[in-house]
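Novice: sequence plus predicted model, see below.
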Amino acid sequence: MPGRSTAVESGNDLRDRVAEAGRALGLEAITEVAVGRRVWGARRKIDVVLKHPETRVSLGIECKFQGGPGSAEEKIPATIQDIHAWPIRGIVVYAGAGFSSNMESYLLSTGMAVELGDLKKWLELYFGL
């Protein structure tokens, strides 16, 4: 997949890189934005919210990192469903060699996911930059 050379070390690192990518394009970036509760009562937080300073168009971004085999990819379908409950449009940005090819295919098939290496171009298109 494109962008594999962008080494990310953790979920927090991915979140910070996504926020920085937005700022580098002149967007406002806020992290860990609380937006209500999930079905089971836990607070819902959006990892990164990017906002165009002039048009005020916003985008929520859930960041998913998986460095090796593990449980992050098992949470992806619930994450995609949760994004539909957000008050703004949202996507998943993912990174790490631990995602299976099946999960990457699923992510891309939703139209709601972008690999970190493709994020800059995706944001330019979305925000009209």
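Specialist: Perfect, thanks for sending it. Here the structure is a predicted model, which is why all the values come from computation and not from measurement. Residues are numbered from 1 along each chain as shown.
Novice: tell me the SS of residue 8?
Specialist: coil (DSSP: H, G, I helix; E, B strand; the rest coil).
Novice: in this structure, which spans are strands?
Specialist: Assigned strands in the chain, in chain order: 28-37, 43-51, 58-65, 90-95, 113-115 (criterion: DSSP state E).
Novice: what pairs with the shortest one, and is each one parallel or antiparallel?
Specialist: What that stands for is strand 113-115. strand 90-95 (parallel) (DSSP bridges).
Novice: same deal with the third one?
Specialist: Next to strand 58-65 in the sheet, as set by DSSP bridges, lie strand 43-51 (antiparallel), strand 90-95 (parallel).
Novice: and that strand with strand 28-37, angle?
Specialist: Per axes from the mean of the first three to the mean of the last three CA atoms, to 10 degrees, the angle that strand 58-65 makes with strand 28-37 is 80 degrees.
Novice: residues in contact with strand 58-65?
Specialist: By CB atoms under 8 Å, 6 or more residues apart in numbering, the residues outside strand 58-65 that reach it are 8, 10-11, 13-15, 18, 33, 35, 46-52, 72-73, 75-76, 79, 82-83, 86, 88-96, 123, 126-127. In short, each C-beta sits where N, CA and C put it, glycine included.
Novice: just give me the neighbour total for residue 31.
Specialist: Other residues near residue 31 come to 16 when the count uses other CB atoms under 10 Å.
Novice: I misspoke; the intended subject was residue 115.
Specialist: 21.
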